[in-house]
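Chemist: sharing a model that was predicted from the sequence below.
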Amino acid sequence: MEKKQYIQIIIRLILLTTNGIIVFNSIMNGNIIYITVSSMVFIYQIFILINYFKNIFDDIEKAIDCLMYEDYTNTISIKKRKNTLYNKVGLLVEKHQKLSHQNNSEKIIFVNIIESLSIGILILRKDSDENIEVFQMNKAFTDFLKMPKFNNWHTLKNRIKPISTIVEKWQNIKHIISLDVNDEKESFFLKTSITKTNEYQYLILSLETIQQLIDKKEKEAWYKLMNVISHEILNTITPISSLSSELKDTLEQEELNQETLDELSIGLGIIKRRSQHLTSFVNAYRTLAELPIPDKKNIDIKQLTSEVITLFGKEFSKNKISIKLNSIDGSIILADKQQIEQVLINLIQNSINALKTIEKPSINIEISRNNNRLTWSIEDNGTGIDKTIRDKIFTPYFTTRKDGSGIGLTLAKNIIEAHGGRINCTQQVVGSRFVVSLV
């Protein structure tokens, strides 16, 4: 409170005390008139003092109600706000009003973002008593399941029973789920994540059609491929364009003497080499794009690997590379011999390139069988593959070598996947290890 209010309260208390003394003296003297008048004045002063405090408390209570129920229709008048206490209360209400408007705006933005997503989103909220309620659900979610939007969890869970079973576990899950939508089976990729606040736990469930997932992966692959292709073409075309322009200027400005002819010859040679590089690049792309369907026959992976090792015999001797092959006897598998041979060549060549700066280079090849799946691994003690680029090594034309084409590992991956198998690179303390598995 400000000084003026303190003075008003003190004056009222002084007057009340003075009047009380007068009433007391009047009673002691037995003067009925003085007793009556002074008592009425005393009661009136008590009423005024109570009313003064009541008005203050009423206004503060209204302000508190505004904060509690977020009802900002009741405002404090300009006249009252001249008082410091009222002004501070008014500023507090205005601050919370701005925060409320900001929260509402952010909620609208949040809802719009959720609604704009092409994947289905369902957000559930659980309190300390394990009561679950629907916090948010977007249109994509209801469209996927061909149902109206339900805001009551008990009603909703009966319509999405396979999903509600997962929700009841209330944990982080990634799962392919099959749902009945209009009497037809549809597969979805379902993912859940959990977040907590002081009062609630939230489960965020995303639902994505398998086709959406495939389209997204294909689009990402095309973006990567287009970036590589455009980069490679520009790296070839730009110097050719610049050099051809310089050669044209040379022809126009100078006479054709021996020095000019030599300069033209060098320039044309550079253009030829860059053109050949671009031709090789296009041919490499055709190799990837036009991979034939595997002509599968029974082949012995152990024997085929031995033949490829023999093929690299001179290179192993030249670079002093120790090569070891450990294999089971029953390594027969149904596959395209030429394509699998190409995979082995690419992986072994990749290891040789990684061993050029190693003092005691070695390559270990191991072939094993687990049930119906044949697995072979090629491990070296070379420079290894940095974890920052591990997820890019199978991207077309990605290479860390100046003389590399960037298609060896991509071609190997395409061949193995065409056979229904898998290929991956596992992290090693020293060197790298590629593991191929086929059924």
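Modeler: That came through fine.
Chemist: for the stretch 151-300 of the chain, just list every one of the strands.
Modeler: All strands of the stretch 151-300 of the chain, identified by DSSP state E, counting those that start in this stretch, fall at 173-181, 184-196, 201-209, 297-300.
Chemist: quick check: mean pLDDT of the second one?
Modeler: Taken as a whole, strand 184-196 has a mean pLDDT of 85.
Chemist: in that strand, which residues are buried?
Modeler: When burial is assessed from 16 or more other CB atoms under 10 Å, strand 184-196 yields the following buried residues: E186, F188, F189, L190, T192. Bear in mind the C-beta positions are built from the backbone N, C-alpha and C, glycine included.
Chemist: which one of those sits closest to D300?
Modeler: Proximity of these to D300, judged by CB to CB, is greatest for F189, which lies at 39.2 Å.
Chemist: the closest one contacts L179, doesn't it?
Modeler: No. Counting by CB atoms under 8 Å, F189 does not reach L179; the two are 11.7 Å apart.
Chemist: follow-up on the earlier one: the strands of the stretch 151-300 of the chain into JSON lines, with extra columns for distance to Q45?
Modeler: Putting the strands of the stretch 151-300 of the chain into JSON lines (distance: least, CB to CB, whole Å) gives the following:
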{"stretch": "strand 173-181", "distance to Q45": "73"}
{"stretch": "strand 184-196", "distance to Q45": "57"}
{"stretch": "strand 201-209", "distance to Q45": "58"}
{"stretch": "strand 297-300", "distance to Q45": "112"}
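Chemist: what's the closest of those strands to G382?
Modeler: Of all the strands of the stretch 151-300 of the chain, strand 297-300 sits nearest to G382, with 27.8 Å by CB to CB.
Chemist: and that closest one, which strands flank it?
Modeler: Note on strand 297-300: by DSSP bridges, its sheet partners are strand 332-335 (antiparallel).
Chemist: which residues touch the strand it pairs with?
Modeler: With contacts defined as CB atoms under 8 Å, 6 or more residues apart in numbering, strand 332-335 is touched by P294, K296, K297, N298, I299, D300, I301, L374, H419, L438.
Chemist: just for the stretch 201-350 of the chain, where's the confidence low?
Modeler: When the per-residue scores of the stretch 201-350 of the chain are filtered using pLDDT under 70, the ranges that remain are 211-218, 220-225, 227-243, 246-247, 250-261, 264, 270, 274, 276-291.
Chemist: what's the most distant pair in the contacts of strand 332-335?
Modeler: The largest separation in these, counting by CB to CB, is between P294 and D300 at 16.5 Å.
Chemist: and the next element down the chain from the helix or strand containing I64?
Modeler: Secondary structure here is read from DSSP states H and E; on that basis I64 sits in helix 32-69. In the C-terminal direction, the helix or strand that comes right after helix 32-69 (DSSP H and E) is helix 84-116.
Chemist: list the buried residues for that next one?
Modeler: The neighbour-count criterion (16+ other CB under 10 Å) identifies Y86, V89, G90, V93, Q97, I114 as the buried residues of helix 84-116.
Chemist: what does stretch 312-332 give?
Modeler: Neighbour counts using 16+ other CB under 10 Å place F312, F316, I321, I323, S327, S331 of stretch 312-332 among the buried residues.
Chemist: so who does the last one touch?
Modeler: In other words, S331. Residues D300, I301, K302, Q303, I367, R369, L374 are the ones in contact with S331 under the rule CB under 8 Å, 6+ apart.
Chemist: same thing but 7 Å
Modeler: Listed by CB atoms under 7 Å, 6 or more residues apart in numbering, the contact set of S331 reads D300, I301, K302, I367, L374.
Chemist: quick one on the thing from earlier: adding pLDDT and distance to K146, write the buried residues of helix 84-116 out as TSV.
Modeler: Putting those into TSV (pLDDT from 0 to 100; distance: CB to CB, whole Å) gives the following:
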residue	pLDDT	distance to K146
Y86	71	57
V89	76	53
G90	77	52
V93	79	47
Q97	80	42
I114	88	19
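Chemist: ok, these vs I11, which is closest?
Modeler: For these, with I11 as the reference and CB to CB as the criterion, the closest is Y86, at 20.0 Å.
Chemist: care to break the protein down by domain?
Modeler: Partitioning the chain according to automatic domain parsing yields domains covering residues 3-96, 117-210, 215-289, 297-438.
Chemist: quick one on the thing from earlier: tell me what angle the helix holding I64 forms with helix 84-116.
Modeler: Taking axes from the mean of the first three to the mean of the last three CA atoms, to 10 degrees, one finds that helix 32-69 is oriented at 20 degrees with respect to helix 84-116.
Chemist: and helix 32-69, what does it pack onto?
Modeler: Here helix 32-69 is seen to pack against helix 3-29, helix 84-116 when contacts are counted using 3 or more CB pairs under 7 Å, 6 or more residues apart in numbering; DSSP states H and E.
Chemist: report the angle between it and helix 3-29.
Modeler: Using the same axes, to 10 degrees, the direction of helix 32-69 lies 150 degrees away from that of helix 3-29.
Chemist: in helix 32-69, what's buried?
Modeler: Here helix 32-69 shows I35, S38, S39, V41, F42, Q45, L49, I56, D59, A63, C66, L67 as buried, counting by 16+ other CB under 10 Å.
Chemist: from F53, how far off is the nearest residue to V89 once chain neighbours are set aside?
Modeler: For V89, ignoring the flanking residues on the chain, the nearest one in space by CB to CB, 6 or more residues apart in numbering is A63 at 4.7 Å. Taking CB to CB, to the nearest Å as the criterion, A63 is separated from F53 by 16 Å.
Chemist: ok, back up a step: surely the residue nearest to V89 meets K88?
Modeler: No. Applying CB atoms under 7 Å as the test, A63 and K88 come out as separate, 9.8 Å apart.
Chemist: follow-up on the earlier one: got CSV for the domains of the chain, with distance to I109 too?
Modeler: What follows is the domains of the chain, written out as CSV (distance: least, CB to CB, whole Å):
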stretch, distance to I109
domain 3-96, 19
domain 117-210, 13
domain 215-289, 24
domain 297-438, 33
